[in-house]
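Chemist: Turn this into a structure:
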Amino acid sequence: MFKVFKNKIIFTYLLFVVLLSSGFFILTYNIFKNEITENIKRELISTTQYTKDIIKSENIKDIKKLDDISKLVKDIFNLRVTFIDNNGEVLADSDVKPEDIKKLENHITRPEVKSALEGSPEFSVRSSPTLKNNMMYYAEAINIADKNLIVRTAVEFDYVKNSLNQLRNKILIYFSGVMLLALFIGIYLFITILKPFDRIIYASKEFANGIFSHRILIDFSGEVKKLAETLNSMAESIQRDMREIMNTNAHLKALIDNMKNGICLVDNKLKILSYNRAFLNIFSLTDDIYQRDINSVVLDSGIMHNLDISNSENRFISEEIKINERYYMVDFCPFNAGNKKNTIIFFYDIDEIKKLETVKREFISNISHDLKTPLTVIKTNIETLISNDMDKKTASEFLNVIEKHTERMISLVKDIINLNYLESENIKPEIKEINLKDFITRCYSYIKQLYDEKKIKFINEIPSDLKINADENIMENVFINLMDNAVKFNKEAGYVKCFVQNNQIIFENSGPKIPESEISRIFERFYKVDKSRGETKGTGLGLSIVKHGLMLHNASITASNFESGVRFIINNLH
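Modeler: Numbering: from 1, shown residues only. Next comes the predicted model:
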């Protein structure tokens, strides 16, 4: 109501000022406009008369001199002068070259020419076909050489318009100044009186739009000041509460968005209301999927089937589902949000758990196999020794077999203990400086017999001055297992070479290549490329021990094939 009332007062005042100023402006403008127009007409008449006087005074009988007169008058008065005979033919024109006169059309029908011939000169305003602009014309007749001659003068109407425009602008500026002064005075009075209410109303709108940071500037007193202070205090309190809510929401969003598990919220129409980054990654999505139908995003029949059941029966469902070659435990949790039913879908990545279960099963199976075989052989040989009376030589052969398989079990148990030690979280390597070339030579000496048995040549090309910082016991285990693996899976009379290239320690052997599909798995426990276990002696734990020993030194190992064998490459061992 206040705004309507204020606007009515302001509008009435503005209307009064505008109407009054406009009335004075129009009246003044018309007075001066008429005066200027009359001055121009008088100038045309006087110029025409002046031209006639020149013709009479010089007693001109040769019409060829008319062109000179037209140019002369043009130079003096800056008006166009035209001479026309009583037939309407143009004889001379101040604005047209003599050679172009013949090209001009007949002027007998022009209003100013007709009125001059009739003896009642009149003014005419129209467009000039010759000059292509608006002109004001005036013409009178004169007798020369016994012939009627029309003397016509003209001024560009743009000149008249420009004069009027200049006048109008001056008057407009004057009255605009007066009007603006009146407006400023009125506005100042209104602002002074109504300013507090304007600020309060504006602040109320800002608060209604959620902009609680706005404050009312208080430079007034009285009851209105108390009202403004109350509103400011209220806005500050709401702003503080809103800031806390926004911070809480931001923390919650950051928490959800950075969760490893995927989350998706859908409504009862299966439109996506919210999701996190993990959900996008699970389904390899990059675009914004807000308000999209989940059917167009999740192309998995298992998920959609369980979602339909969860919604229709309004119950929690948890299902193991394989998505893009990874296993997820997917929970469907329907809930009511006001009058609407929504569903949260959680995606728990259990792929690593599944892999660990597989590794666990394989580990138990492998260790059972590797223990069962020697135990069976030992048991069989012991039973044979007990039940048969045999000579000392035969008994010794049976005992050798028992000893051999016993050593194999001891080796397996040692490797398991060793691997368990390397995987322990409490282990702290005792780092010291080691000469790498001498250290590898020493490790080789421990298993030299294995190399000699297969006539395999060991080549140590490690620089003699190269040193590393490592735990001596752990690295001894690493290099012995690595060289032991190299000789076991090598050919007769082959070679094993160690060297440094591009800051990498490389063990190269001439053994058979590893299938590319299995290279990534050779460092797993008990994993053997050759599935016929027992053909190659070993526990299947050697390379796993190598891997974990290097990991304790923040180093890593990879394998790759080359033209004549296999390379094991140690990275980041300094």
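Chemist: Going by C-alpha atoms from here, please, whenever you check contacts or count neighbours.
Modeler: Fine.
Chemist: what's the single longest helix in the chain?
Modeler: helix 2-57 (DSSP state H).
Chemist: immediately after that helix, which helix or strand?
Modeler: helix 66-77 (DSSP states H and E).
Chemist: Next, the angle from that next one to helix 2-57.
Modeler: Inter-element angle recorded for helix 66-77 and helix 2-57: 140 degrees (by axes from the mean of the first three to the mean of the last three Cα atoms, to 10 degrees).
Chemist: how does this structure divide up, domain by domain?
Modeler: 2-163, 210-257, 259-349, 354-421, 428-571 (automatic domain parsing).
Chemist: weakest of these by average pLDDT?
Modeler: Mean pLDDT values for the domains of the chain show the minimum at domain 354-421, a mean of 71.
Chemist: Tell me the residue in this protein that is farthest from the middle.
Modeler: Relative to the centre of the chain, the most outlying C-alpha is that of Asp146, 91.7 Å out, by Cα atoms, centre = their mean.
Chemist: Can you give me the distance of that one to Asn86?
Modeler: 11 Å (Cα to Cα, to the nearest Å).
Chemist: closest one to Ile201 among the domains of the chain?
Modeler: With Cα to Cα as the measure, domain 2-163 is the member of the domains of the chain nearest Ile201 (8.9 Å).
Chemist: What is the burial count for Ala493?
Modeler: Neighbours of Ala493 under the rule other Cα atoms under 10 Å: 13.
Chemist: so it sits in a strand?
Modeler: No: counting by DSSP: H, G, I helix; E, B strand; the rest coil, Ala493 is not part of a strand but coil.
Chemist: Now do the same contact list for it.
Modeler: Applying Cα atoms under 8 Å, 6 or more residues apart in numbering to Ala493 gives the contacts Lys454, Lys455, Ile456, Lys457.
Chemist: helix, strand or coil for the most centrally placed residue in the chain?
Modeler: A centroid search over the chain (Cα atoms, centre = their mean) returns Asp287, at 11.7 Å, as the residue closest to the centre. Following three-state DSSP, Asp287 is assigned to coil.
Chemist: Which helix or strand contains the closest residue to Ile569 other than its chain neighbours?
Modeler: Distances taken as Cα to Cα, 6 or more residues apart in numbering place Ile506 nearest to Ile569, at 4.6 Å, with adjacent residues excluded. Following DSSP H and E, one finds Ile506 within strand 504-509.
Chemist: And the next helix or strand past that strand?
Modeler: Immediately after strand 504-509, counting by DSSP H and E, sits helix 542-551.
Chemist: what about that next one, distance to the chain center?
Modeler: The chain centroid and the centroid of helix 542-551 are separated by 44 Å under Cα atoms, centre = their mean, to the nearest Å.
Chemist: Pull out the buried positions in that helix.
Modeler: Buried residues in helix 542-551, counted by 16 or more other Cα atoms under 10 Å: Gly542, Leu543, Ser544, Ile545, Val546, Lys547, His548, Gly549, Leu550.
Chemist: cool, stretch 383-393 as well?
Modeler: Those would be Leu385, for stretch 383-393 by 16+ other Cα under 10 Å.
Chemist: Can we start the residue count at 20 from this point?
Modeler: Let's use 20 as the start, then, which means that last one is stretch 402-412.
Chemist: could you pull out the helices for the stretch 220-369 of the chain?
Modeler: 242-276, 296-301, 320-332 (DSSP state H, counting those that start in this stretch).
Chemist: Deepest-packed of those, please.
Modeler: Among the helices of the stretch 220-369 of the chain, ranked by average contacts under mean count of other Cα atoms under 10 Å, first place goes to helix 296-301 (a mean of 17).
Chemist: so how far is that helix from its chain's centroid?
Modeler: That offset, for helix 296-301, works out to 19 Å (Cα atoms, centre = their mean).
Chemist: which secondary structure elements does it contact?
Modeler: Judged by 3 or more Cα pairs under 8 Å, 6 or more residues apart in numbering; DSSP states H and E, helix 296-301 is in contact with strand 281-285.
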